[in-house]
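Asks: Need a 3D model of the sequence below.
(one chain, ligands or ions: 3)
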Amino acid sequence: MYIEVVLPVPIGGTFTYFVPPEMEAQIVIGGLVQVSFGKTQQHSGIVFAIRESPPAHIGTIKPVLAIESDRPVIRREQGHFWEWIANYYLCSLGEVAKAVLPAGFRSKGEAVFREKKETFVRIASRYEEEAQLLNVLNGMKRAVRQEELLSAFVRETQTEENVFREISKKELLEKSGAAQGTFAALVEKGIFQLYEKAVAHPVTSDTDLQPLHRLNAGQQQALNEIIEIFRQKDVCLLHGVTSSGKTEIYTHLIHQTLQSNKQVLYLLPEIALTVQITERLKKFFGDQLGVYHSGINPRERMEIWNNLLHDEGYQIILGVRSSVFLPFRDLGLIIVDEEHDPSYKQQDPAPRYHARNAAAVLATLHDAKVVLGSATPSIESFYNARIGKYGYVRLDKRFEETELPLILPVDVKELRRKKQMKTIFSPLLLEQIQECIEKGEQILLFQNRRGFAPHLVCRICDWTPKCRFCDISLTYHKKLNQLSCHYCGRSYRLPTQCPDCEQSDLKPAGFGTEKVEEDIQRLFPYVSVDRMDMDTTRTKQSFREIMARFEEKQTQILVGTQMISKGLDFENIGLVGILNADALMNYPDFRAYERAYQLMSQVAGRAGRRKKQGKVILQTSHPDHPLIETILRQNYEAMYEQQMEERELFRYPPLFRLIQIMLRHKKEECLRNAANEYARMLREKLGDRVIGPDKPAVGKVQNYYLQKIVLKIELLASLSALREILEHARTQLLDCADFRYVSIQFDVDPV
Ligand code: ADP
Ligand code: ZN
Ligand code: ZN
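Replies: Ligands and ions are numbered 1, 2, ... in the order given. Presented below is the predicted three-dimensional model:
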């Protein structure tokens, strides 16, 4: 018997191994085996296929060393899904496997995929009678600790009928406060007996659950439209303004899906958002809901994996992008909420997949439906709706019928000319803040940069401190009194003088959230100000605390990065300040305007939820820029039309497919040559579809220089033919002695 095995290595598809006859009986597709790879490595691998004869073209075939699991650890459909991911995103099956099975796959020998078991404690049967137990207790006068533990056991487990209830070792130790040693002593004496048991998933009784909210007329109509669309199409875009009740509509769709005994995957872009939605969904669906994200520990992840693999109860999974890889039995519905969010794209390492697009493929494998929800859809999805590939449902009214916020532009260039910008806040913004404070309303101030200032600059010679390992200027963090590189994470001490002119006159240039917080606090010393960005939310706890303080209105002004543009569902926000719209628009990416529109609309949408119309002050140097105009009028279609013109002109998505090729090497010269050579080879086959090579905006990261080549490919072009071309050229390039250590990475549909 021969098998095809997927190994956690960055090359190829599967690898062939020989199965010694005595192991044949334990081989199953989806099982785990231990094999050797190359000269020195050993890996766990997943059995992908079984074959009778070896492939013709290979020489010696190595044997399987051991069986690690004779039961499948993945489901069969998952294998197909992995293959699609590897093919589409130009990576190896092993890279997919590695991303999917992080804990179990890499460790050697240790069987991580066992069911989760717990150790339980019982009294040996000869002591079960009460009289005998008393005897034992009395005999323990000198072992006080043991006596206490035994008493605790009796107290905790004895029910009225004098039957012991089951108790786990963990629970007993917690309740009694006893030490491990005391416990071990009772086991040694044969009084306690231990046994293993798979822990069942606790089930809340149905009576704890609440009925779904009744939808209002507009929501009900939207729901009906979605259901109608699903008769003909697999994907529906739900374009609904913030607070229109998209989440409520999802709950109804979930309910219907569960009724037909199918499962639901509910995707959210970030962990931070799962907290609120979890609470909302638990009320309706109780313990059928499992939550999956990188914030939970490996053991909990394994538990969810096994629960789904063995069908032990979860019917709905709420999770971030990686949950598309879980072993679902039978999906009926996938919800991709905030579908426009760039966090759905995995950047590093491979597979560089987009969870929204992957979800659509996963749905096809399960014959399931997909709802994409957003107040500001991605241009890709809106385009797909326009051409009829997706269905489209619109929800224009907020649930409480609050009007959409009033957005007022402020021309900061003009104000600067008139010397009226004395701080980073315009007079109008300050006036509005004052007014809100007096009315007891809350305020959001949005600036999408953390730290105090994005650069320091020498006043005399314009020198700027940069990271020694990356080609990027360092961000000044004032409270920490250090400079830090937001690419590699290194931090540096503040230079006391400029190394070029030796003067000590370094000034901050630009501003980040830390400065916004400091300045606004100085202007309104009696008002409570808080800040939410990556620096203040390193732990889940601190994130929750900031949210809670704001929710309880202890915080009046919340300063933050894009973190405050998402999910905050609060009722008392009277004003939103967008401090620097220009910074959002001026970065070199064809999606910059789309992003800027989405971010500003999302953060503006936080104003005036429930009851009152809110205000948004938008500070910019170009108040009559066409993009700013679309934001002021909240006219998504106008933004879409503008952007589509450019996309067509410059051959960008959604009309063309982009593939970004990143080459990395420690020596700049060598890298440039390699990139030129690679581009030349590609151009022979692909002509002017090849753009570059160019130095990317950040040309060096972590001491590696970067060169970028972009391919603009027709949507209908064959990806497998393209893969051949790319791989062939890569092999040729790496065959040159000079270029052997150049790394080449592919990113399909880069974001
Ligand atoms: P969206 O997901 O579109 O931003 P939500 O579903 O979060 O909107 O709705 C906004 C708020 O209005 C939430 O607090 C939600 O509970 C409430 N809400 C919306 N629709 C209903 C409804 N039909 N019944 C009760 N509450 C609703
Ligand atoms: Zn200087
Ligand atoms: Zn760096």
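Asks: Check what pLDDT Val199 gets.
Replies: On pLDDT, Val199 comes in at 59.
Asks: helices or strands next to the longest helix seen in the chain in the packing?
Replies: Longest helix in the chain by number of residues, with DSSP state H as the criterion: helix 668-686. Helices and strands in packing contact with helix 668-686 are listed as strand 656-665, strand 690-694, strand 704-714, helix 719-735; criterion 3 or more Cβ pairs under 8 Å, 6 or more residues apart in numbering; DSSP states H and E. C-beta coordinates here come from the backbone N, C-alpha and C atoms, glycine included.
Asks: between those, which gets nearest to Lys262?
Replies: Comparing the helices and strands packed on helix 668-686 by their distance to Lys262 (Cβ to Cβ), the top pick is helix 719-735, with 30.3 Å.
Asks: Take the helices and strands packed on helix 668-686 and write them to TSV, including distance to Phe524, mean pLDDT and mean neighbour count.
Replies: Formatted as TSV, the helices and strands packed on helix 668-686 follow (distance: least, Cβ to Cβ, whole Å; pLDDT from 0 to 100; neighbours: other Cβ atoms under 10 Å):
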stretch	distance to Phe524	mean pLDDT	mean neighbour count
strand 656-665	45	96	21
strand 690-694	46	95	19
strand 704-714	44	96	20
helix 719-735	56	93	15
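Asks: What is the neighbour count of the residue of the stretch 651-751 of the chain at minimum distance from ligand 1?
Replies: The shortest separation between the stretch 651-751 of the chain and ligand 1 is 23.0 Å, found at Val751 (distances taken as Cβ to the nearest ligand atom). Per other Cβ atoms under 10 Å, the neighbour tally for Val751 reads 19.
Asks: if we can go back for a sec, out of the helices and strands packed on helix 668-686, which comes closest to ligand 3?
Replies: Proximity of the helices and strands packed on helix 668-686 to ligand 3 was assessed by Cβ to the ion; the nearest stretch is strand 704-714, lying at 10.8 Å.
Asks: now the strands for the stretch 451-600 of the chain?
Replies: Under the criterion DSSP state E, counting those that start in this stretch, strands of the stretch 451-600 of the chain are mapped to 455-458, 475-477, 482-484, 491-493, 506-509, 529-532, 557-560, 573-578.
Asks: Roughly how far does Leu579 sit from ligand 3?
Replies: In this structure, Leu579 and ligand 3 are 26 Å apart, going by Cβ to the ion, to the nearest Å.
Asks: Verify the stated contact: that residue with Leu444.
Replies: No - shown here, Leu579 and Leu444 do not form a contact pair, counting by Cβ atoms under 8 Å, at 10.7 Å.
Asks: neighbour count winner among these two?
Replies: Set side by side, Leu579 and Leu444 give different neighbour counts by other Cβ under 10 Å, the larger being at Leu444 (26 against 23).
Asks: where does the closest residue to that one other than its chain neighbours land on pLDDT?
Replies: What sits nearest to Leu444 in space, not counting adjacent residues and going by Cβ to Cβ, 6 or more residues apart in numbering, is Val576, at 4.7 Å. We note a pLDDT of 96 for Val576 in this prediction.
Asks: OK, contacts around Val576?
Replies: 405, 443-446, 603-604, 606-607, 614-617 (Cβ atoms under 8 Å, 6 or more residues apart in numbering).
Asks: just Gln619 next, same as before
Replies: Gln619 sits in contact with 410, 412, 426, 429, 577-581, where contact means Cβ under 8 Å, 6+ apart.
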